[in-house]
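Asks: Fold the following for me, if possible:
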Amino acid sequence: MLRSVFAGVLMLTLLPGGVAAAQAPARLAAGVYIVTLAGGEPAAVAAEHARNHGAAIERVYAHALAGYAARLSPRAVRAIARDPRVASVVADQRVALDPDEMAFGIAAEAATTGQRIPTGIRRVGADRSRTRSGDGRGGVSVDVAVIDTGIDRDHPDLNVVGGVNCVGRGSNYDDGNGHGTHVAGTIAARDNGRGVVGVAPGARLHAVRVLDSQGNGSFSSIICGVDWVTARAGVIEVANMSLAGFAPTGHCRDGGLHEAVCDSVKAGVTYVVAAGNERVNASRIVPASYDQVITVSALADFDGRSGGRARPTCSYDRDDTFADFSNYGADVDVVAPGVCILSTYRGGGYQTMSGTSMASPHVAGAAALYRARNRGATPQRVQAALTGAGSSSWTSSDDGDRTKEPLLDVSGM
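Replies: Numbering: from 1, shown residues only. Next comes the predicted model:
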């Protein structure tokens, strides 16, 4: 499998037995397993397994998944799997951001006097929405979770109201990497006359840190984040997951990530995810291939306008065309700008990055706009509204399978 050369997506591959893994080299999380229960209270069963089988509990899940993650000996795995309350025991997998993805296409962007409206914000019509991103007055009362590397909690352009740390020890959900902060800015950078502005300006952001400062994490840490969001489904309306990689799609009772996402969507949270950057059919990618999420591919746009007349800036793509790195296919619901995207970054700064990870938060911001005005909307209704409002006003349909996805358009929201 070719390595992605664009920023902003978690790449996974497949190990024998259907376990998703970090792309090269693939690594099991030594001795760690995800135990999913068919019955019993998760914390109590986990404690019993710790006493009786020596399970070293790392996380307990009680909302998106009933179960726990723990270090288990081979003997404990066999014994626990025989417990009638246990539905499945699945080996955990380490995952990581590809270092090349984090480095390629990133250019420092110093904060300047005044506020810039990024090209992606213009291209999706956020400056013409009812909120009018960029007029200095916009504000959206909605809650969005960013399941990523954390968010710079002190960034003056971001309204971070809380979060959780699902990697390592402690409760610090600050972003030591930059990826999650970049995603957050496209969703919800404040309309405050400085820096940049997001699709849903000032939305309340919840930093769900599932990858550490080096971009390392695991399936169990990602499920921890989904579980935390699900516990707050009465508050958090939208979640963005700019994570994508090769692995089996699974199903809503697979004892893993798909099951967690399914139950979180049932609880009312709309999930928006990146299609991935390998220029392959997204049917091979998770969570992009999950039917329950809104999957986003990337458009190359350099001036925030249709027509395809702008010169490239940080990339050699052609203006107003399907990004040459983006995944495609029937599982993709909508396309959004994902090339040379200016947004917030860690340390109170601003950066330009490319990837479907940058396209996905445009759509998460749109979902937030819609939920802010349609409080009872189900995730299915949100998805239908966004795809239905999409436009065909982009130049090329050269997206691998000759399907022209609707381009995100929030000008009427």
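Asks: show me the contacts for residue 230.
Replies: By CB atoms under 8 Å, 6 or more residues apart in numbering, the residues touching residue 230 are 63, 64, 260, 263, 264, 267, 269. (Glycine included, C-beta is placed from N, CA and C.)
Asks: Would you convert the residues you listed into TSV that also reports secondary structure?
Replies: As requested, the contacts of residue 230 are arranged in TSV below (DSSP: H, G, I helix; E, B strand; the rest coil):
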residue	secondary structure
63	coil
64	coil
260	helix
263	helix
264	helix
267	coil
269	coil
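Asks: Run through who's touching the one helix or strand residue 77 maps to.
Replies: Assigned by DSSP states H and E, residue 77 falls within helix 74-81. By CB under 8 Å, 6+ apart, the surrounding residues in contact with helix 74-81 are 33, 35, 49, 52, 53, 54, 55, 72, 86, 89.
Asks: can we see that at 6 Å?
Replies: Contacts with helix 74-81, where a contact means CB atoms under 6 Å, 6 or more residues apart in numbering, come from 49, 53, 54, 55, 86, 89.
Asks: Buried ones among those?
Replies: 49, 53, 55, 86, 89 (16 or more other CB atoms under 10 Å).
Asks: residues making contact with the longest helix along the chain?
Replies: The residue-count maximum for a helix in the chain (DSSP state H) belongs to helix 356-373. Applying CB under 6 Å, 6+ apart, the contact partners of helix 356-373 are 8-9, 120, 124, 140-142, 144, 183, 186-187, 198-200, 203, 237-238, 240, 242, 270, 272, 274-277, 294, 296, 298, 326, 334, 336, 338, 341, 377, 382, 385-386, 408, 410, 413.
Asks: Report all helices and strands that the next helix-or-strand element following that helix contacts.
Replies: As assigned by DSSP H and E, the chain's next helix or strand after helix 356-373 is helix 379-389. In terms of contacts (3 or more CB pairs under 6 Å, 6 or more residues apart in numbering; DSSP states H and E), helix 379-389 is packed against helix 356-373.
Asks: ok, back up a step: can you tell me the average pLDDT over the helix holding residue 77?
Replies: Averaging pLDDT along helix 74-81 gives 96.
Asks: what does stretch 39-54 give?
Replies: For stretch 39-54, the mean pLDDT works out to 97.
Asks: now the strands for the stretch 251-400 of the chain?
Replies: Using DSSP state E, counting those that start in this stretch, the strands found in the stretch 251-400 of the chain span residues 270-274, 285-286, 294-300, 321-322, 334-337, 341-345, 349-353.
Asks: which one of the ones you listed lies closest to residue 171?
Replies: strand 341-345 (22.2 Å; CB to CB).
Asks: If you count contacts, what does that closest one end up packed against?
Replies: helix 179-188, strand 349-353.
Asks: Could you check how far residue 213 is from residue 165?
Replies: Per CB to CB, to the nearest Å, residue 213 is found 11 Å from residue 165.
Asks: what do you get for residue 369?
Replies: According to CB to CB, residue 369 stands 29 Å off from residue 165.
Asks: So between those two, which is more surrounded?
Replies: The residue with more neighbours, out of residue 369 and residue 165, is residue 369; 26 against 21, by other CB atoms under 10 Å.
Asks: ok, then the element right after the helix or strand of the chain with the lowest mean pLDDT?
Replies: Least confident helix or strand of the chain, by mean pLDDT, DSSP states H and E, is strand 19-22 with a mean of 30. Counting by DSSP H and E, the next helix or strand C-terminal to strand 19-22 is strand 28-37.
Asks: Heading C-terminal from that next one, find the next helix or strand.
Replies: In the C-terminal direction, the helix or strand that comes right after strand 28-37 (DSSP H and E) is helix 42-53.
Asks: So what pairs up with the residue nearest the centre of the chain in the strands?
Replies: Residue closest to the average C-alpha location in the chain (CA atoms, centre = their mean): residue 241, at 1.1 Å. With DSSP bridges as the criterion, residue 241 is bridged to residue 273.
Asks: residue with max distance from the center of this structure?
Replies: Of all residues in the chain (CA atoms, centre = their mean), residue 52 lies farthest out, 37.5 Å.
Asks: Tell me, how many residues neighbour the closest residue to residue 35 other than its chain neighbours?
Replies: The shortest distance from residue 35 to any non-neighbouring residue, by CB to CB, 6 or more residues apart in numbering, is to residue 67 (4.9 Å). The tally of other residues near residue 67 (other CB under 10 Å) stands at 30.
Asks: beta partners for residue 67?
Replies: residue 36, residue 61.
Asks: Quick one: residues contacting it.
Replies: So residue 67 contacts 35, 36, 37, 42, 61 (CB under 6 Å, 6+ apart).
Asks: how near is it to residue 318?
Replies: 47 Å.
Asks: and if you look at residue 119?
Replies: 15 Å.
Asks: ditto for residue 361
Replies: 23 Å.
Asks: Residue 171 - nearest residue in space that isn't next to it in sequence?
Replies: For residue 171, ignoring the flanking residues on the chain, the nearest one in space by CB to CB, 6+ apart is residue 165 at 5.4 Å.
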